[in-house]
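Peer 1: One predicted model, sequence on top.
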Amino acid sequence: MITINNVQPLDATQLTDILKTEFPSYVNERLGSNLAVEFAHVSDFVNISFPEVIEGNAYTIIVSDDSLELSDHTSEGTYNAELLEEHLIAFLILKAS
């Protein structure tokens, strides 16, 4: 689990809106790809999926007033999971700090 300080602070609804509108183009620009990215928001949890390359839920973000906790649900050897996670972390730091 990776913890990122939630300096803004963003709530789960705000974070989901930012992710939906900005993250797909952010990650696709950096990867030179056109991956589909899906989001599901329930209470303080935001789930992120990359259905074309990773089966099921890839990451969960637990949002609190002080932090964003990122959990990785991918398995070893999953297609570009480490690279996707690096870009997700960079994006979250950019938006929450």
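Peer 2: Everything's here; your move.
Peer 1: Now do the strands in the chain.
Peer 2: 2-5, 38-42, 45-49, 59-63, 67-72 (DSSP state E).
Peer 1: Between those, which has the poorest mean confidence score?
Peer 2: Comparing mean pLDDT across the strands of the chain, the weakest is strand 2-5, with a mean of 91.
Peer 1: Spatially central, which residue of the chain would that be?
Peer 2: Note on the chain: the residue nearest the mean C-alpha position is residue 88, at 4.8 Å, using Cα atoms, centre = their mean.
Peer 1: Show me how far whichever helix in the chain runs longest is from its chain's centre.
Peer 2: The longest helix of the chain (DSSP state H) is helix 12-31. Centroid separation between helix 12-31 and its chain, computed with Cα atoms, centre = their mean, to the nearest Å, is 8 Å.
Peer 1: Quick check: buried residues in it?
Peer 2: 12, 15-16, 18-19, 23-24, 26-27 (16 or more other Cβ atoms under 10 Å). (Each C-beta comes from the backbone N, C-alpha and C, glycine too.)
Peer 1: before we move on, what about stretch 87-97?
Peer 2: Going by 16+ other Cβ under 10 Å, stretch 87-97 has these buried residues: 87-88, 91-92, 95-96.
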